[in-house]
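# here's my sequence, what's the structure:
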Amino acid sequence: MSRIVSTVKPESDEFRRRYRHNRWMAQDLKRMQEAARSARPKRDIERLAKQGKMLPRERLEKLLDPGTPFLELSSLAGNMAYEGEAPSASCITGIGIVSGQEVMIHADDATIKGGAWYPLTVKKIVRALDIALENRLPVVHLCDSAGGFLQMQSDVFPDKYMAGRIFRNQSLLSKMGVKQLALVFGHCTAGGAYIPALSDYNVITRGTGAVFLGGPPLVKAATGEVVTAEALGGADLHTRTSGTCDYAAEDEDDAIRIGREIVAQWERPKKWAIDREEAEPPFYDPDELYGIIPDDIKKAYDAREVIARMVDGSRFHEFQPNYGTTLVCGYARIWGFRVGILANNGVLFNDSALKGAHFIELCNQNNTPLLFLQNITGYMVGRDYEAAGITKDGAKMIMAMTCSHVPKFTVMCHASFGAGNYGMCGRAFDGRFLFAWPNHQIGVMGGEQAANTLAEVKIRQLERNGEAVDQAVIDAVKQDTLKAYTSQLSAYHSTSELWDDGLLDPVDTRNALGIAISASLNAPLGAPGYGVLRL
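Model (predicted):
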């Protein structure tokens, strides 16, 4: 493959301005992530210490193989919810290496309401287990949870994708032969009790670990029985009498040691044979991404410049370079793995939509994973384009992408608006992973377009009713719409709601994708669903 020839000018004023802006955004992202991971009230840290417990990230560090990477998912989930009282949605999820095995990790954070599950906690755990199902990843649960947050039970308990989905996913993982291990460090109450009970293996820590459907307060309220947590669901009861737990550990270090020994006994899954070569870094410095991405969501950039700082050797074989030029398609390697890349270079026209559908078919024929780099304002609108079949052609691209049997990965690099989000494998389309950059914005349309659209609707309404058009009313409609959109479009709102799998510093994207692609290879490929049509 030939190397992309970059035309970026790092000495230009525009590059330097963008660099300062995006570098600041990346630093602010890391500051927020650090706060979400570590900033806790002193009393909560001291409470765990008095109980002889480690902090959740201390447990995680001891569980993982030394010197191996950990891809944390959704570190800022819940950052704009619950008045900030549930950082990271009060749990940790991510992919790491334990005893040489790639695993999904779910860890409760008992520094927050005793590890109680908020609605977004449940959503985050369900998403982690969805990833485990899709990619056949074994799961290690680090359990220390008071169960569902009772004040929000109606948003935690009854519906299809609420807490019951956690246990449904656990059951399906076991059915598929994907192993699960639960390490019980604290009280696992109510729904939280089913995590270890539905795991294939579990270890309970003596003195602090406990598993029960109803804790001592509930038992007393329901039956009048007065019982201690240890007698109700402690290590001796469950390893000697009930058989609910398999191993009793003397302390948390011992539980982690036993857990690592268990994982070491698991058979290694056979990954499907993706085409792979020796990895090499990009020829162009990924740090230059800060100067390439605009500091205005309405400004465009050349997608090839982003690709050049993400792929091995900055080499890229572009498919149909002279056709449908607002969508860049082609082959490259990331950490040696062959991928097919679709990257927006403007609005999607008829020809670019057809080109994208065609390229997706080729990647499926060749068992090549797909990477979507989104910067899209949508499919082109207007009478001439509707007459030419833009809706039909966009649907072809969506159909080809949806029915792909190869793994799909998405990075929200800049804008993500309208149906373009769908065609470029947005959240609804079951990509294996979806990441975003902190400059990213997502919505049905941009804020200004939405404000102008609603203003036009208001004007027509007034005219239809025979009323005078009051410019003050129109301006108020625009201002109210823009205000609402400003917060809702932001990457931090998106990641707070778990519409992505986490925000990435742009320079870290290549590493995150390498881990994600490797994890995806544990799941066998499905059967191809279509051939190749020149659309």
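# wasn't Leu133 part of a helix?
Yes. Assessed with DSSP: H, G, I helix; E, B strand; the rest coil, Leu133 lies in a helix.
# what is the neighbour count of Pro196?
Using other C-beta atoms under 10 Å, the number of residues around Pro196 comes to 25. C-beta coordinates here come from the backbone N, C-alpha and C atoms, glycine included.
# hmm, it is touching Ser145, no?
No. Using C-beta atoms under 8 Å, Pro196 is not in contact with Ser145, being 10.5 Å away.
# now list whatever residues contact both of those two.
Cys188 (C-beta atoms under 8 Å, 6 or more residues apart in numbering).
# tell me the centre residue of the protein?
Asp501 (1.0 Å; C-alpha atoms, centre = their mean).
# for that one, give its distance to Gly94.
10 Å (C-beta to C-beta, to the nearest Å).
# what mean pLDDT does whichever strand or helix holds Gln461 get?
For Gln461, the host element (DSSP states H and E) is helix 447-464. Helix 447-464 shows a mean pLDDT of 77.
# show me which residues of it are buried.
Gly447, Gln449, Ala450, Ala451, Asn452, Ala455, Lys458, Ile459 (16 or more other C-beta atoms under 10 Å).
# for Tyr385, see how far away the fifth one is.
Distance, Asn452 to Tyr385, by C-beta to C-beta: 19 Å.
# ranges for the helices of the stretch 101-250 of the chain?
119-135, 163-175, 194-198, 216-223, 229-233, 235-236 (DSSP state H, counting those that start in this stretch).
# who's in contact with the third one?
Helix 194-198 is touched from outside by 141, 143, 145, 166-167, 170-171, 174, 180, 182, 184, 188, 202, 204, 211, 244-245, with contacts defined as C-beta under 8 Å, 6+ apart.
# could you find the closest non-adjacent residue to Phe15?
Gly291 (3.9 Å; C-beta to C-beta, 6 or more residues apart in numbering).
# do Gln101 as well
Nearest to Gln101 is Val263, by C-beta to C-beta, 6+ apart, at 5.5 Å.
# give the helix, strand or coil label for Val5.
coil.
# burial of it, as a residue count?
8.
# from the contacts of helix 194-198, which would you call buried?
141, 143, 145, 166, 170, 180, 182, 184, 188, 202, 204, 211, 244-245.
# a markdown table for those, including pLDDT and distance to Ile4?
As requested, those are exported to a markdown table (pLDDT from 0 to 100; distance: C-beta to C-beta, whole Å):
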| residue | pLDDT | distance to Ile4 |
| --- | --- | --- |
| His141 | 98 | 43 |
| Cys143 | 97 | 47 |
| Ser145 | 91 | 48 |
| Ile166 | 96 | 44 |
| Gln170 | 98 | 45 |
| Gln180 | 98 | 43 |
| Ala182 | 98 | 47 |
| Val184 | 98 | 51 |
| Cys188 | 93 | 52 |
| Asn202 | 97 | 50 |
| Ile204 | 98 | 54 |
| Val211 | 96 | 55 |
| Thr244 | 96 | 57 |
| Cys245 | 97 | 55 |
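# so which of the residues you listed belong to strands?
His141, Cys143, Ser145, Gln180, Ala182, Val184, Cys188, Asn202, Ile204, Val211 (DSSP state E).
# among these, find me the one that's closest to Phe316.
For these, the minimum distance to Phe316 (C-beta to C-beta) is 39.8 Å, reached by Gln180.
# identify the residues contacting the closest one.
Gln180 neighbours (C-beta under 8 Å, 6+ apart): Pro138, Val139, Val140, His141, Gln170, Leu173, Ser174, Leu198, Ser199, Asp200, Tyr201.
# do that again at 7 Å, thanks
Pro138, Val139, His141, Gln170, Leu173, Ser174, Ser199, Asp200 (C-beta atoms under 7 Å, 6 or more residues apart in numbering).
# coming back round to it: identify the contacts common to Asp501 and Gly94.
Leu73.
# what pLDDT does the model give Val219?
Taking Val219 on its own, its pLDDT is 90.
# show me what contacts it?
Glu225, Val227, Leu232.
# show the average pLDDT along stretch 326-344.
Per-residue scores along stretch 326-344 average to 98.
# scratch that, stretch 90-102
98.
# can you check stretch 28-38 too?
pLDDT averaged over stretch 28-38 gives 97.
# which positions within it qualify as buried?
Buried, per 16+ other C-beta under 10 Å, within stretch 28-38: Leu29, Met32, Gln33, Ala36, Arg37.
# can you list the residues you listed in TSV and add secondary structure and distance to Arg16?
Listed next are those as TSV, based on DSSP: H, G, I helix; E, B strand; the rest coil; distance: C-beta to C-beta, whole Å:
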residue	secondary structure	distance to Arg16
Leu29	helix	20
Met32	helix	25
Gln33	helix	26
Ala36	helix	31
Arg37	helix	32
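# out of those residues, which comes closest to Pro369?
Nearest member of the buried residues of stretch 28-38 to Pro369, counting by C-beta to C-beta, is Leu29, at 26.3 Å.
# list the contacts of the closest one.
Leu29 neighbours (C-beta under 7 Å, 6+ apart): Pro438, Leu503, Asp505.
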